[in-house]
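1. whatever this is, show me its structure:
(one chain, ligands or ions: 1)
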Amino acid sequence: MNAQSNHPSNDTTDPQFLGPEAGQQADGKAGGSARDVQAHELGDMRTILHIALTQPGVMNQAYRAFHNYSIGNQLLAALQLLDKGLPLAPIASFNAWREKGRFVKKGEKAISLFMPISVKRRADKDAPADSAEAGEGGTFSMFMLRPNWFSLNQTEGGAFTAETVTPAWDAVTAMAALDIIEEPFEHLQGNHLGYARARSIGLNPLNPLKHKTRFHEMAHVVLGHTAVADMHDDEALKRQIEEAEAEGVAYLLCALLDLPGQAESRFYIQGWLQGGTLPEKSAKRIFGAADRIMKAGQPVQH
Ligand SMILES: [Zn+2]
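-> Numbers count the residues shown, from 1 in each chain. Presented below is the predicted three-dimensional model:
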């Protein structure tokens, strides 16, 4: 692997997912209106989610171009290239391009993506000063925006042919990889399309958008909504936010795979964003879960 001295870690790998489990907020900038360039450069995931909702076609295109990256980074890359008036072409770090025999042109500005940065954990007051050294518990990863990537069009040199990838997702593979079981649908009270409990989901066979509901119910499981519930002061709000999160995941996956059902989801999520009531934490969780479910369903390739 290449290492440029100012690159804190492996500069061509991508976070597996952006989520509160692994990632931290890079900074405290709250997203008000969608002032696209500035806002997404700050890595505000609420804004990125808003853009995904208003420009659904970008997600599918971005996946085709940047499938090796997390969904959040795919969108970040696409939006920055579009801002520069560049097509959605392969991106790589300065050194990765050099290894492919291409060189970044003079004066080209890098695009920024989230990457994991290793941070040394501050030692507890009681712990010996050196206890955090290099040990497993000594460091943790934070996702930070770093301007390390250039598009093919910002480079020159030897010929380079991009690999084209068509988004694909297999439900059986994904369910197995995430340890989720589909059980025979139980008719509960009311007009349910599906449900999730513990690590099982049930899908109504009459559901016209079964794939969307599958994403939604899988998201409930992946996001931990079906784990043993703890008591909350505001149980109703917590439930609503969980529904918004699960539906956000379903939307992203439908948009990415270009499946029907996007319009049905969009309205619901937009309402949450426009009311300003969806926490940034939830936006990150939505991207994180969508990423995990997408990656879990990739056909095995060797
Ligand atoms: Zn739900």
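
2. longest helix anywhere in the chain?
-> Using DSSP state H, we find that the single longest helix of the chain is helix 235-257.

3. how about the longest strand seen in the chain: buried residues?
-> Using DSSP state E, we find that the single longest strand of the chain is strand 139-151. Using 16 or more other C-beta atoms under 10 Å as the test for burial, strand 139-151 gives 142-146, 148-151. Yep, even glycine has a C-beta here, placed from its N, CA and C like the rest.

4. so who does A255 touch?
-> Counting by C-beta atoms under 8 Å, 6 or more residues apart in numbering, A255 touches 52, 56, 59-60, 262.

5. okay, and M218 sits in which element?
-> Secondary structure assignment for M218, by DSSP states H and E: helix 210-222.

6. quick one: check that helix for contact with the ion.
-> No - applying C-beta under 5 Å from the ion, one finds helix 210-222 separated from the ion by no less than 5.5 Å.

7. what's that helix packed up against?
-> Packing partners of helix 210-222 (3 or more C-beta pairs under 8 Å, 6 or more residues apart in numbering; DSSP states H and E): helix 171-177, strand 194-197, strand 200-203, helix 235-257, helix 280-296.

8. average pLDDT across the last one?
-> To tie it back to what came earlier, the one meant is helix 280-296. What helix 280-296 shows for mean pLDDT is 96.

9. need the CA coordinates for that helix. CSV is fine.
-> Extracted as CSV, the C-alpha positions of helix 280-296 are listed here (Å, rounded to 0.1, in the frame of the first residue of the first chain):
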residue,chain,number,x,y,z
GLU,A,280,-27.9,14.2,12.5
LYS,A,281,-27.2,11.0,14.4
SER,A,282,-30.2,9.4,12.7
ALA,A,283,-29.0,10.6,9.3
LYS,A,284,-25.7,8.9,10.0
ARG,A,285,-27.4,5.7,11.2
ILE,A,286,-29.5,5.6,8.0
PHE,A,287,-26.4,5.7,5.8
GLY,A,288,-24.6,3.3,8.0
ALA,A,289,-27.4,0.7,7.9
ALA,A,290,-28.0,1.1,4.2
ASP,A,291,-24.3,0.5,3.6
ARG,A,292,-24.2,-2.7,5.8
ILE,A,293,-27.4,-4.1,4.1
MET,A,294,-26.1,-3.3,0.6
LYS,A,295,-22.7,-4.8,1.2
ALA,A,296,-24.1,-7.9,2.9
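
10. just to revisit the earlier point, please flag which of the contacts of A255 sit within helices.
-> Counting by DSSP H, the contacts of A255 place 52, 56, 59-60, 262 in helices.

11. quick check: which ranges of the stretch 1-150 of the chain have low pLDDT?
-> 1-42, 122-137 (pLDDT under 70).

12. in it, which spans are helices?
-> Listed in chain order, the helices of the stretch 1-150 of the chain (DSSP state H, counting those that start in this stretch) span 36-41, 45-54, 56-66, 71-83, 94-99.

13. who touches the third one?
-> For helix 56-66, the external contacting residues (C-beta under 8 Å, 6+ apart) are 51-52, 71, 73-75, 77-79, 82, 88-91, 162, 164-167, 252, 255-258, 262, 266.

14. still on that earlier bit, most neighbours, which of the ones in helices among the contacts of A255?
-> A52 (29 neighbours; other C-beta atoms under 10 Å).

15. any idea how far that one lies from L253?
-> Using C-beta to C-beta, to the nearest Å, A52 is found at 11 Å from L253.

16. run through the buried residues of strand 139-151 and flag the ones next to the ion.
-> With the criterion set as C-beta under 5 Å from the ion, no member of the buried residues of strand 139-151 is near the ion.

17. so which of those comes closest to the ion?
-> Nearest to the ion, judged by C-beta to the ion, of the buried residues of strand 139-151 is F143 at 26.9 Å.

18. okay but that closest one is in contact with L113, surely?
-> No - here F143 does not reach L113: they are 9.5 Å apart, not a contact under C-beta atoms under 8 Å.
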